[in-house]
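Enquirer: Sequence and predicted model, in that order:
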Amino acid sequence: MARRGTGLARVVVFAGGLYRQKARLACAGYLGRDPMAQLQLRPGRVNPYAVYDRLRARGPLIPTRLGHWVSTSHSVCESVLRDRRFAVRPEDAEPGHAGMSFLSMNPPDHTRLRRLAMPAFSPKAVAGYSARIERTAGELLDAASAAGRFDLVSGFAAPLPIAVITDLLGIPDSRSEDFARYGMLIGGALGGITSLRHARQLLAARAEMRQLFRHLFELRRREPRDDIVSRLVAVEGEGDQIEPAQIKPAEMLPMCNLLLVAGFETTVNLISNAVLALLAHPAQWQALCADPDGLAPRAVEEVLRWDPPVQRTGRIALEPLELAGQPVGQGQRVTTLIGAANRDPEAYDHPDTFDIMRRDGPANLAFSSGIHYCLGHALARSEAAISLRMLAERMPDLAPAGTVKRRNATIIRGPARLPVQHGPVPAAP
Ligand code: HEM
């Protein structure tokens with residue numbers, strides 16, 4: 001059996017690997033001008049859409065330098081996501097790696113766990129959350145209003161989905177800040193670990209989160225309420241022998257992690273990307289302000305197409321097959337570039353134009369497609385539409401107020417800081 005080595009040796013090996021990987025990436029992106037590498041470097045983070053255009057010029061499905069495939073085509077991406085010959089993991093993958101619960105599982109486990117979580121996210125259930133979303137949004141806007149000038153991300157777009165998802169999970173208010181802090185750290189790592197310090201913080205956050213959830217599970221076994229965790233502990237089986245409508249004890253934590261992280265890290269970017277897009281297109285912002293109730297859902301849909309918070313996903317071929325005229329081998333991965341597919345000129349007229357009145361084209365792929373189609377889509381759409389409607393109603397004079405800082409991430413796209421102002425401009429000191 002291989003020896004695992006001392007803690008220090010492992011740290012050194014890990015750090016060495018990380019920095020070698022970074023050097024290879026920089027080489028491929030800056031010297032080799034490889035578009036896939038560029039997407040992970042600064043140019044791709046600032047404007048991935050220019051890189052997608054270069055990829056698109058090479059065809060609908062192109063080989064990557066690492067021996068896989070990537071697609072910018074709406075129809076190819078959609079067909080991959082819906083095709084059962086593709087899956088999120090190889091069929092012979094070791095069981096047990098369930099960090100992201102059913103998002104990283106194939107049927108039948110995927111089907112069983114998704115069904116257990118589904119009732120809380122149905123359109124009917126989501127309609128019942130509107131009043132709570134409006135109340136939280138109202139409180140945040142009251143505070144922001146008083147400040148005049150504020151960071152839209154930390155002052156509004158982040159705390160809103162955090163409050164909603166911690167509420168749905170039934171996390172007590174006294175612990176919600178801890179959950180928020182750890183959830184953001186874990187969610188922020190979706191796009192990869194950037195340094196040794198980051199890796200250490202992540203490990204510590206994971207351990208803390210485990211503890212917090214374990215206490216919550218015990219609490220809800222004793223004192224069930226009307227929330228997701230209470231419903232899950234009620235259908236928890238024992239060990240690995242479970243009924244079809246049960247969850248294994250070992251599946252509880254990954255499931256809650258998934259809901260928490262998916263609820264945090266994506267909706268914040270949808271709301272922020274929406275405000276960023278609307279303020280950069282003042283005529284569209286004014287149109288929204290003239291009819292906030294009617295146009296907010298359409299503005300959300302156009303942001304999901306034009307600047308989606310999740311820029312890519314992918315699938316692995318379970319068998320050899322042909323795709324867009326190319327041979328894809330068993331075990332090869334196809335990266336579906338959602339952000340590129342949503343701007344495919346074969347799917348949308350003038351795809352680079354941001355137009356909240358747009359009606360043409362197929363459904364965008366912001367929430368993916370097929371059996372992994374985002375479970376939280378109705379909730380995310382509702383949170384974003386309520387946010388835009390209330391911002392337009394209460395702050396029609398909203399304007400940019402400083403430099404936007406982007407998140408240091410490849411899969412997730414959105415601003416880390418978005419300074420805005422409204423009302424009388426504060427006098428210079
Ligand atoms: C704007 C906000 C959101 C975006 C852009 C988004 C995007 C996505 C995408 C692209 C996937 C599928 C990934 C794939 O096919 O590989 C997904 C899956 C998922 N999302 Fe979301 N999401 C958002 C909000 C939410 C929220 C609020 C929740 C719940 C709290 C949520 C829960 C989930 C879950 C549980 C899955 C896994 C579904 C499955 O594997 O069957 N998402 N999301």
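Expert: It's in. Numbering: from 1, shown residues only.
Enquirer: chain center to the top helix by length along the chain: distance?
Expert: Looking across the chain with DSSP state H, the single longest helix is helix 196-222. Between the mean C-alpha location of helix 196-222 and the chain-wide mean there is a distance of 20 Å, by Cα atoms, centre = their mean, to the nearest Å.
Enquirer: which helices and strands does that helix pack with?
Expert: Applying 3 or more Cβ pairs under 8 Å, 6 or more residues apart in numbering; DSSP states H and E, one finds that helix 196-222 makes contact with helix 7-26, helix 173-188, helix 228-234, helix 249-265. Bear in mind the C-beta positions are built from the backbone N, C-alpha and C, glycine included.
Enquirer: Name the residues of the stretch 101-250 of the chain found near the ligand, please.
Expert: When proximity is defined as Cβ under 6 Å from any ligand atom, the stretch 101-250 of the chain approaches the ligand at 102-103, 114, 165.
Enquirer: Could you pull up phi and psi at residue 240?
Expert: In this entry, residue 240 is assigned phi and psi values of phi -90, psi -10 (degrees, to the nearest 10).
Enquirer: got a pLDDT number for the residue nearest to it when sequence neighbours are not counted?
Expert: Leaving aside its sequence neighbours, residue 240 sits nearest to residue 248 (Cβ to Cβ, 6 or more residues apart in numbering; 6.1 Å). With respect to pLDDT, residue 248 scores 94.
Enquirer: What distance do you get for residue 248 to residue 170?
Expert: For residue 248, the distance to residue 170 (Cβ to Cβ, to the nearest Å) stands at 20 Å.
Enquirer: Ok, residue 337 next?
Expert: Taking Cβ to Cβ as the criterion, residue 337 is separated from residue 170 by 37 Å.
Enquirer: Looking at those two, which one has more neighbours?
Expert: Comparing residue 337 with residue 170 by neighbour count (other Cβ atoms under 10 Å), the higher total belongs to residue 337, at 26 against 19.
Enquirer: okay, that one: pLDDT?
Expert: pLDDT, residue 337: 98.
Enquirer: Could you check how far the residue of the stretch 301-429 of the chain found nearest the ligand is from residue 251?
Expert: For the stretch 301-429 of the chain and the ligand, the shortest gap (Cβ to the nearest ligand atom) falls at residue 376, measuring 2.0 Å. When Cβ to Cβ is the yardstick, residue 376 and residue 251 sit 18 Å from each other.
Enquirer: quick revisit: could you give the number of residues near the residue nearest to residue 240?
Expert: Other residues within reach of residue 248 by the criterion other Cβ under 10 Å amount to 18.
Enquirer: and if you look at the one 4 residues further on?
Expert: Burial of residue 252 is recorded as 19 neighbouring residues (other Cβ under 10 Å).
Enquirer: Now do it against residue 183, distance only.
Expert: As it turns out, when the distance is counted by Cβ to Cβ, residue 252 lies 16 Å from residue 183.
Enquirer: Same question for residue 93.
Expert: For residue 93, the distance to residue 183 - Cβ to Cβ - is 26 Å.
Enquirer: swap in residue 17?
Expert: Distance of residue 17 to residue 183, given as Cβ to Cβ: 27 Å.
Enquirer: now do residue 337
Expert: As judged by Cβ to Cβ, residue 337 and residue 183 stand 26 Å apart.
Enquirer: So which residue is smack in the middle of the chain?
Expert: For the chain, the residue sitting closest to the mean C-alpha position, by Cα atoms, centre = their mean, is residue 266 at 3.5 Å.
Enquirer: And for the closest residue to the ligand within the stretch 51-200 of the chain, nearest residue in space, chain neighbours not counted?
Expert: Here the residue of the stretch 51-200 of the chain nearest the ligand is residue 103; by Cβ to the nearest ligand atom that distance is 3.9 Å. Counting by Cβ to Cβ, 6+ apart, residue 258 is the residue found nearest to residue 103 once chain neighbours are left out, at 5.7 Å.
Enquirer: again, but for residue 156
Expert: Here the nearest residue to residue 156 in space, its sequence neighbours aside, is residue 140; by Cβ to Cβ, 6+ apart that works out to 5.0 Å.
Enquirer: Around that neighbour, count how many other residues there are.
Expert: Neighbours of residue 140 (other Cβ under 10 Å): 20.
Enquirer: Going toward the C-terminus from the helix or strand harbouring it, what's the next helix or strand?
Expert: Assigned by DSSP states H and E, residue 140 falls within helix 130-147. Proceeding C-terminally, helix 130-147 gives way to strand 149-151 as the next helix or strand, assigned by DSSP H and E.
Enquirer: quick one: that following strand to chain centroid distance?
Expert: Taking the mean of its C-alpha atoms, strand 149-151 sits 24 Å from the chain's own mean (Cα atoms, centre = their mean).
Enquirer: contact partners of it?
Expert: 144, 156, 401, 417-421, 426 (Cβ atoms under 8 Å, 6 or more residues apart in numbering).
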